[in-house]
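Undergrad: Compute the structure for the input listed below.
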Amino acid sequence: MEQAGARDAAVRQPHASVRVPYQGGYRPDGRDGTDDGCDEGPGPVRRHSVRVQVLDALRAALVDGDMIPGRVYSAPALGERFGVSATPVREAMQQLAVEGAVEVVPNRGFRVCVRTARELAELAEVRALIEVPVMLRLARTVPADRWAALRPQADATVRAAATGDRAAYADADRAFHHAVLALAGNRQLLTVADDLHRRSQWPMTRAAGARTPGQVSDRAVLVADAAEHTALLEALIAQDLPVVQSLVREHFAGAEV
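TA: Next up, the predicted model:
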């Protein structure tokens, strides 16, 4: 599925439980042809703004589940697939290590961290402790016209959810929350909230698309989450504080996207 912006060149498509493009096509075993136990990851990107593009593509692969939690990926192998040297890949991976998405494996590469349901619940709780009071304060002080100006961000989450594309939705979701919190005028708040939000979007141990019987689809989860954005914004525009409070708390209680 094609990604917007920097990810347009990193075209990925499903194969079994993981999508692993490379320049010559798709290998059925998801390997890079070496015996180092490392997997190759997603495919080529354009060379301008290389590090940023590689970082964006890797983040998208993590959110989508294309890079499997617990598996090791080598920078040279990833660089070969992206059509770049290993240096920008290492730099991007180091940033992901700071963000808690991967860990360094000496002499091998980077292992995708395993994110458990408990860890995601803890992240959602911390996000709620920070964002809920701020949103409720803003609901009492920000005029309706400023909330109405955020319709494009809310609509973007709805469009992304409709595609079922987790990476596109993750970007739109963060943009919406960022736009809301930006109204507080606190740059430190935005930095902390953005970091927590991104960490909460890394996948759990199950492979992308794998579900237990009776479990709702990823697309249904995204659509429901996006609908909460729209409902919240409408309540903020109407300055209906009881509904705002209910929606905000409900949104964070189920935050896992």
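Undergrad: Please enumerate residues in contact with the helix or strand in which Ala154 is found?
TA: Applying DSSP states H and E as the criterion places Ala154 in helix 151-163. The set of residues that contact helix 151-163 without belonging to it, under C-beta atoms under 8 Å, 6 or more residues apart in numbering, is 1, 168-169, 171-173, 175-176, 179, 219, 222-223, 225-227, 229-230, 233. For glycine as for every other residue, the C-beta is placed from the backbone atoms N, C-alpha and C.
Undergrad: Which of these fall in helices?
TA: With helices defined by DSSP state H, the entries of these inside them are 168-169, 171-173, 175-176, 179, 219, 222-223, 225-227, 229-230, 233.
Undergrad: Run through the protein and note the low-pLDDT ranges.
TA: For the chain, applying pLDDT under 70 flags the ranges 1-48, 203-217, 254-257.
Undergrad: just the helices in it please.
TA: When secondary structure is read from DSSP H, the chain shows helices at 50-64, 75-82, 86-98, 117-141, 144-148, 151-163, 166-182, 187-200, 218-238, 241-253.
Undergrad: Figure out which of those helices is closest to Arg111.
TA: When the helices of the chain are compared for distance to Arg111 using C-beta to C-beta, the nearest one is helix 86-98, at 9.8 Å.
Undergrad: From the contact counts, what lies against that closest one?
TA: In terms of contacts (3 or more C-beta pairs under 8 Å, 6 or more residues apart in numbering; DSSP states H and E), helix 86-98 is packed against helix 50-64, helix 75-82, strand 102-105, strand 109-112.
Undergrad: Dump that helix to PDB, restricted to CA.
TA: Coordinates of each C-alpha in helix 86-98 appear next as PDB, following Å, rounded to 0.1, in the frame of the first residue of the first chain:
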ATOM      1  CA  ALA A  86      24.300   2.100   5.900                       C
ATOM      2  CA  THR A  87      25.000   5.400   7.500                       C
ATOM      3  CA  PRO A  88      21.600   7.200   7.200                       C
ATOM      4  CA  VAL A  89      20.000   3.900   8.200                       C
ATOM      5  CA  ARG A  90      22.100   3.700  11.400                       C
ATOM      6  CA  GLU A  91      21.300   7.300  12.200                       C
ATOM      7  CA  ALA A  92      17.600   6.700  11.800                       C
ATOM      8  CA  MET A  93      17.800   3.500  13.800                       C
ATOM      9  CA  GLN A  94      19.700   5.300  16.600                       C
ATOM     10  CA  GLN A  95      16.800   7.800  16.700                       C
ATOM     11  CA  LEU A  96      14.300   5.000  16.900                       C
ATOM     12  CA  ALA A  97      16.400   3.600  19.800                       C
ATOM     13  CA  VAL A  98      16.000   6.900  21.600                       C
END
